[in-house]
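**Q** what follows is a predicted protein model with its sequence.
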Amino acid sequence: MLISEYLLRNVSVTTGKTGSVQTPQQNLPNGSTAVSPQNSDFAKELKNQLEQVNSESGVQFSKHAMDRISERNIDLNADNKLDRLNKAVTLAGEKGSDDALVMIDSTAFVVSVKNNKVITTLTADDMQGSIFTNIDSTVIM
């Protein structure tokens, strides 16, 4: 679970003082104050930092995609594959794509462009007889 997903859950953070926090509060029976984590200054700053890191690092990979990369021995550093993938996802997003098939050399990536996340990867051998569904675009790099 990402930290940003954790912060969006309905978890209360308590402080030792009442009335000293400038975000929406709820008084607890013991006299302390519960602050909604997604509205606290810390949560806002953390969210901004996470968005900045995610935008700088480019596309993310689902656990499933990471498993496929590992078991299929796909080297993302070879031939600037990761840079080319990031560029392809950017191009697909500029054209309004939601879900794309990105072909880089003999490797296919199924990408949720709107979430900036690789869903799965396939090598040339794995693509034989495969049908790609629920995609609205294909980018060949």
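**A** Thanks, I have it.

**Q** which ones are touching residue 119?
**A** Contact analysis of residue 119 by C-beta atoms under 8 Å, 6 or more residues apart in numbering lists 62, 64-65, 110-112. Yep, even glycine has a C-beta here, placed from its N, CA and C like the rest.

**Q** and those residues, which two are the farthest apart?
**A** Using C-beta to C-beta, the contacts of residue 119 reach their maximum pairwise distance at 64 and 111, which is 12.6 Å.

**Q** which of these two has more neighbours?
**A** residue 111 (31 against 13; other C-beta atoms under 10 Å).

**Q** and the more buried one, that's in a strand?
**A** Yes: according to DSSP: H, G, I helix; E, B strand; the rest coil, residue 111 belongs to a strand.

**Q** so it touches residue 102, yeah?
**A** Yes: using C-beta atoms under 8 Å, residue 111 makes contact with residue 102 at a distance of 5.6 Å.

**Q** now the common contact residues for the two.
**A** 85, 88-89, 92.

**Q** quick revisit: in CSV: the contacts of residue 119, plus pLDDT.
**A** Shown next, in CSV, are these (pLDDT from 0 to 100):
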residue, pLDDT
62, 92
64, 94
65, 93
110, 97
111, 97
112, 97
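
**Q** lovely, talk soon.
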